[in-house]
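**Student:** For reference, the sequence and a predicted model appear below.
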Amino acid sequence: MDALRERLRRELAAARRRTLELVEATSAADLARRADAALGPGIWDLGHLASFEDLWGVRRVLGESERVSAPELDELYDAFEQPRSKRCDLPLLDRDGALELLERVRARTLEGLERARLTDGDDLVRSGYVWSMLVQHEAQHQETLLQSLQHLGVAIPTADPMAGEPRAEQAPAVDDEQRIQLPGAEVVIGGQTEWGPYDNERPRHAVELAPFALDRYPLTNRRFLAFVEAGCYARSELWTAEGRSWLARCGARSPAGWTRNDDGRWSVRRFGRQIAVDPREPVQHISCHEAEAFATWVGARLPTEFEWEHAATAGGARAPYPWGTPQIDEARANCDGRRDGPAPVGSFPRGASPLGIEQMLGDVHEWTASSFDGYRGFEPFPYPEYSQVFFDRGYRVLRGSSWAAAGALARVTYRNWDLPERRQIFAGCRLAWDA
Ligand code: AVJ
Ligand code: FE
């Protein structure tokens with residue numbers, strides 16, 4: 001159990017280093033700006049992280065009387081009390097105030113972790129889950145912050161020497177239309193306790209799947225460009241009724257951030273810089289409606305979330321990752337914001353699933369055909385506002401994780417969700433085919 005304590009300490013520290021790295025690279029003014037009605041100002045996310053950690057890492061562990069933050073902050077930083085579109089108008093802590101609170105709360109969180117008696121079992125605190133939840137929660141808000149910075153056009157720190165560089169308009173090095181056949185099977189869906197699953201990934205349960213095929217790679221810019229150039233945004237027969245009404249409302253004619261240059265080439269805005277659309281990269285910033293219209297155009301469909309989860313591990317031992325070992329590293333997935341966008345398809349052969357499906361974790365969240373609901377036997381844990389309040393309200397499940405998301409969020413059972421019209425997230429798709 002000391003190994004567990006040590007691991008949690010390390011993961012908390014790594015998460016916080018990344019938060020501070022992002023904040024330090026962003027001016028106070030940019031942190032206070034609202035990118036879009038679907039995104040709040042980054043400064044809200046910082047105060048929210050501190051407030052959330054005070055609730056779960058301090059009060060739930062050490063006791064209610066041990067609170068660090070002023071009680072009036074609870075409402076200010078409650079995601080349900082404060083819709084994203086209104087967060088700019090609140091009397092939020094400024095950058096320095098939020099950073100100072102994060103630090104004071106963290107000191108108490110670490111005291112709680114030091115003192116905790118860690119044992120086996122499902123207890124929120126004694127199992128260590130509460131700290132793993134804090135790590136995942138911090139990672140989720142880092143991704144939200146990156147979405148805001150993308151939208152605002154603010155440069156981000158990244159280790160990638162190619163960041164912001166003009167890209168060669170190269171074809172993918174691999175055949176990006178390859179499909180992998182999967183036989184029908186009864187499969188077990190859901191997260192195992194050791195993987196730190198959220199409540200919505202449980203309970204594990206069996207599902208019957210018919211045979212289908214899934215693309216080896218996420219859908220590329222090369223293929224999506226052909227859809228754009230073939231005039232498919234204007235071909236209403238390719239769009240669902242919901243997709244048509246979304247198109248009529250927003251007038252989209254290409255993925256978010258794309259522009260057609262005078263010479264007919266396409267470029268995309270990436271964290272404030274204009275670069276050529278790279279045909280080799282998975283497409284991102286598309287809504288679920290665009291993903292579905294593309295699939296219809298080529299006679300494919302989106303996979304269900306269970307098909308996706310099955311495909312990630314089919315043919316091998318169950319693990320939180322498709323490659324079956326307990327580590328995620330840079331040879332296997334593009335995550336942790338090491339680049340400033342998705343990596344060309346074919347970059348991670350070592351991250352392949354047992355059946356050879358690649359880039360299921362990292363790169364882009366993938367829209368699925370499934371709406372977000374609770375598995376049979378679902379129990380909210382530790383609070384109903386994490387997942388339950390979103391069930392059956394028109395949200396779509398996305399599977400996988402993104403280049404921006406921390407490795408701590410990358411696992412084959414993770415369920416992300418958003419409204420099908422949303423394009424601010426780092427999401428693309430992968431095509432499925434009936435057998
Ligand atoms: C799982 C990404 C949809 O950001 O709304 C953060 C994650 N939940 N704080 C979101 C979350 C509570 C959530 N998503
Ligand atoms: Fe949150």
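**Tutor:** Thanks, I have it. Numbers count the residues shown, from 1 in each chain. Ligands and ions are numbered 1, 2, ... in the order given.
**Student:** Where does pLDDT dip in the stretch 101-250 of the chain?
**Tutor:** The model of the stretch 101-250 of the chain has pLDDT under 70 over residues 164-168.
**Student:** same thing but 80
**Tutor:** Along the stretch 101-250 of the chain, segments meeting pLDDT under 80 span 159-169.
**Student:** pLDDT weak spots in the stretch 251-400 of the chain?
**Tutor:** 317-318.
**Student:** Just want the residue of it that's nearest ligand 1.
**Tutor:** Y386 (5.8 Å; CB to the nearest ligand atom). No exception for glycine: its C-beta is placed from N, CA and C like everyone else's.
**Student:** Go ahead and list the helix or strand containing that residue.
**Tutor:** Assessed by DSSP states H and E, Y386 sits outside every helix and strand.
**Student:** With adjacent residues omitted, what lies nearest to the residue in the stretch 1-150 of the chain that ligand 1 sits nearest to?
**Tutor:** Per CB to the nearest ligand atom, Q140 is where the stretch 1-150 of the chain lies closest to ligand 1, at 4.2 Å. Nearest residue to Q140 in three dimensions, chain neighbours excluded: L409, at 6.7 Å (CB to CB, 6 or more residues apart in numbering).
**Student:** show me the residues around the one you found that make contact.
**Tutor:** 136, 139-140, 143, 401 (CB atoms under 8 Å, 6 or more residues apart in numbering).
**Student:** model confidence over the helix or strand hosting R60, on average?
**Tutor:** Here R60 sits within helix 60-62, counting by DSSP H and E. Averaged over helix 60-62, pLDDT sits at 97.
**Student:** quick one on the thing from earlier: look up how far ligand 1 lies from the residue nearest to Q140.
**Tutor:** L409 sits 9 Å away from ligand 1, going by CB to the nearest ligand atom, to the nearest Å.
**Student:** same check, this time on C232
**Tutor:** Taking CB to the nearest ligand atom, one finds C232 at 29 Å from ligand 1.
**Student:** Strand partners (parallel or antiparallel) of the top strand by length along the chain?
**Tutor:** When the chain is parsed with DSSP state E, its longest strand is strand 365-371. The pairing partners recorded for strand 365-371 under DSSP bridges are strand 396-399 (antiparallel), strand 427-428 (parallel).
**Student:** show me what contacts the nearest residue to F381 once chain neighbours are set aside?
**Tutor:** Spatial nearest neighbour of F381, excluding adjacent residues (CB to CB, 6+ apart): D199 at 4.1 Å. By CB under 8 Å, 6+ apart, the contact set of D199 is 378-382, 386-388.
**Student:** Repeat that for L247.
**Tutor:** L247 neighbours (CB under 8 Å, 6+ apart): 233, 239, 289.
**Student:** between the residues you listed, which is nearest G47?
**Tutor:** H289 (33.4 Å; CB to CB).
**Student:** is it true that the closest one touches R422?
**Tutor:** No - the pair H289 / R422 is not scored as a contact, 10.0 Å apart, by CB atoms under 8 Å.
**Student:** Spatially nearest residue to G400, not counting backbone neighbours?
**Tutor:** Per CB to CB, 6+ apart, closest to G400 is E366, 4.8 Å.
**Student:** wait, that neighbour sits on R396?
**Tutor:** No - E366 is not in contact with R396 according to CB under 8 Å; the separation is 10.6 Å.
**Student:** quick one: which of those two has more around it?
**Tutor:** Ranked by neighbour count (other CB atoms under 10 Å), E366 and R396 place E366 first, with 27 against 24.
**Student:** Can you give me the neighbour number for D78?
**Tutor:** 14.
**Student:** do S65 as well
**Tutor:** 6.
**Student:** what pLDDT does it get?
**Tutor:** Looking at S65, the pLDDT reads 96.
**Student:** Next up, phi/psi of it, please.
**Tutor:** With angles defined as degrees, to the nearest 10, S65 sits at phi -70, psi -10.
**Student:** picking up where we left off before, pretty sure the residue of the stretch 251-400 of the chain closest to ligand 1 sits against P197.
**Tutor:** No - if you go by CB under 8 Å, Y386 and P197 don't touch, sitting 11.6 Å apart.
**Student:** ok, these two, which is more surrounded?
**Tutor:** For Y386 versus P197, the count of surrounding residues by other CB under 10 Å is larger for P197: 23 against 16.
**Student:** I'd like the distance between the more buried one and ligand 1.
**Tutor:** Shown here: P197 relative to ligand 1, a distance of 13 Å by CB to the nearest ligand atom.
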